[in-house]
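Participant: what follows is a predicted protein model with its sequence.
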Amino acid sequence: MTRYLPLLWAGLFRKKTRTILTLLSVTVAFLLFGLLQAVTVAFEAGADSADAKRLLTTARYSIIEPLPMSYLRRIEQVPGVVSAAFADWFGAKYQNESNAFPVFAVDPRAYLDMYPEFMIAPEQREAFAKTRTGAVVGKRLADRFGWRVGQRLPISSEIHPKTDGSLNWEFDLVGIIDADDPAVRANTDMVLINVAYFDEARQFGRGKTGWYIVRVADAGQAKPIAATIDGLFANSPDETKTQPEKEFAIGFAKQIGDVGALVTRILLAVFFTILILTGNTMAQSIRERVPELAILKTLGFSDGKVTALVLAEALLLLLIGGGVGMAVATSLLPVLNGSTGGRFPPLFVSASTWLLALALALAVALAIGLPPAWRAGARWRVKRLRIVDALAGHR
């Protein structure tokens with residue numbers, strides 16, 4: 001088919017202005033597709049990477065209400081529970097308001113054991129456990145700010161003052177965490193600090209934590225185990241709500257809104273418009289070139305080849321516009337991530353998004369190419385266009 005590429009290119013750019021404007025519309029459509037899919041993937045990343053054997057235990061009515069650290073031992077004793085860990089929201093900014101990112105106060109060993117998908121060098125993991133003022137950070141966050149292991153890490157908390165009333169904290173950066181899976185890597189854009197130092201140095205809330213992460217032996221028993229955990233603290237001053245990690249991640253994302261449904265509606269509107277616009281352009285182009293297609297038939301091109309050429313022209317149009325649009329979306333995302341100041345999940349164009357864009361380009365190419373291809377020379381049922389009529393200029 002490559003030998004026909006010059007013919008396809010000449011036909012596609014027969015009217016350069018019209019083709020360029022059509023390409024721009026397709027490019028914009030796929031640019032929006034890439035950006036909106038990146039938003040969807042980012043907000044669903046926590047759910048997609050969730051472990052079916054992990055549960056989240058929070059305060060019954062709101063995640064911002066703290067729970068006693070003393071709950072840990074009681075949760076660990078529940079039948080079916082393998083291990084448990086806790087985490088507390090520290091919240092932080094670095095240097096200025098725009099450089100905000102999540103910081104969690106954790107028990108180093110228990111927390112990292114709970115997330116085996118996080119990668120960290122063994123010696124750094126051990127240093128984190130033994131250094132009371134220690135902290136580990138996600139690799140992308142470290143690269144963004146130029147942080148290096150061994151340096152002091154000055155950050156300001158949004159909600160936790162020290163005993164002297166200052167919101168300025170300093171930690172020793174002892175390790176970097178990362179992940180191979182892009183969806184998991186999105187969850188490593190954070191700083192973990194040693195809870196031993198944090199709980200001792202903070203002004204209020206000592207002995208309290210934000211939530212518990214619970215690992216169970218059998219994912220099939222997650223619901224009964226969750227009910228048992230909540231039953232332990234029923235009618236207490238600090239009642240709990242326990243649910244599978246995936247349910248928690250989905251629920252947390254939906255507090256912002258049903259991102260997936262919103263993105264789907266926007267994309268449907270965009271691609272419906274592009275379908276009408278591009279389809280009309282293709283139909284007009286083929287109508288203008290009926291005599292040229294007839295000449296191809298006189299030169300020995302079969303109806304099938306003429307049909308294939310028309311479809312290939314539509315496909316070339318979609319592949320060029322779609323490829324440029326996706327490339328622009330990919331190049332814009334680092335800028336968008338930097339502008340959010342770490343307040344939202346990092347955006348990235350996944351391999352599945354590229355594959356989905358390719359499938360979408362193929363589908364739209366068929367939708368806009370089949371009607372003119374049918375008229376130009378399809379064999380189905382009857383031959384739709386006779387050479388003599390075409391050369392005479394009949395439409």
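Facilitator: Great, that's in hand.

Participant: what pLDDT does G34 get?
Facilitator: For G34, the model assigns a pLDDT of 84.

Participant: so what does it have for phi and psi?
Facilitator: Backbone torsions for G34, taken as degrees, to the nearest 10, come to phi -60, psi -40.

Participant: for it, what are its contacts?
Facilitator: 325-326, 328-330, 349, 353, 357 (Cβ atoms under 8 Å, 6 or more residues apart in numbering). The way it works is simple: take the backbone N, C-alpha and C, and place the C-beta from them, glycine included.

Participant: could you pull out the strands in the stretch 101-250 of the chain for me?
Facilitator: 103-106, 134-138, 152-157, 168-177, 191-194, 208-209, 211-216, 240-244 (DSSP state E, counting those that start in this stretch).

Participant: out of those, nearest to F233?
Facilitator: Across these, F233 has its closest neighbour in strand 240-244 (4.9 Å, Cβ to Cβ).

Participant: and the closest one, what does it pack against?
Facilitator: strand 54-59, helix 222-232 (3 or more Cβ pairs under 8 Å, 6 or more residues apart in numbering; DSSP states H and E).

Participant: list only buried entries from the contacts of G34.
Facilitator: By neighbour count, with 16 or more other Cβ atoms under 10 Å, the contacts of G34 hold 325-326, 329-330, 349, 353, 357 as buried.

Participant: out of these, show me where the pLDDT dips lowest.
Facilitator: V349 (77).

Participant: mind checking how far S236 is from F104?
Facilitator: 25 Å (Cβ to Cβ, to the nearest Å).

Participant: more neighbours: which of the two?
Facilitator: F104 (21 against 11; other Cβ atoms under 10 Å).

Participant: where does the prediction get shaky in this protein?
Facilitator: 1-14, 42-51, 97-98, 183, 249-263, 277, 279-309, 337-346, 371-395 (pLDDT under 70).

Participant: show me the contacts for I225.
Facilitator: 55, 78-81, 214, 216, 242.

Participant: can we see that at 6 Å?
Facilitator: 80, 216 (Cβ atoms under 6 Å, 6 or more residues apart in numbering).

Participant: now swap in L67 and tell me
Facilitator: Counting by Cβ under 6 Å, 6+ apart, L67 has contacts 59, 209, 238.

Participant: give the PyMOL command for selecting the buried subset of those.
Facilitator: In PyMOL, this line selects whichever of these come out buried by 16+ other Cβ under 10 Å:
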select buried, resi 59+209
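
Participant: mind putting the contacts of L67 into JSON lines with distance to I225?
Facilitator: Shown next, in JSON lines, are the contacts of L67 (distance: Cβ to Cβ, whole Å):
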{"residue": "A59", "distance to I225": "18"}
{"residue": "T209", "distance to I225": "20"}
{"residue": "D238", "distance to I225": "19"}
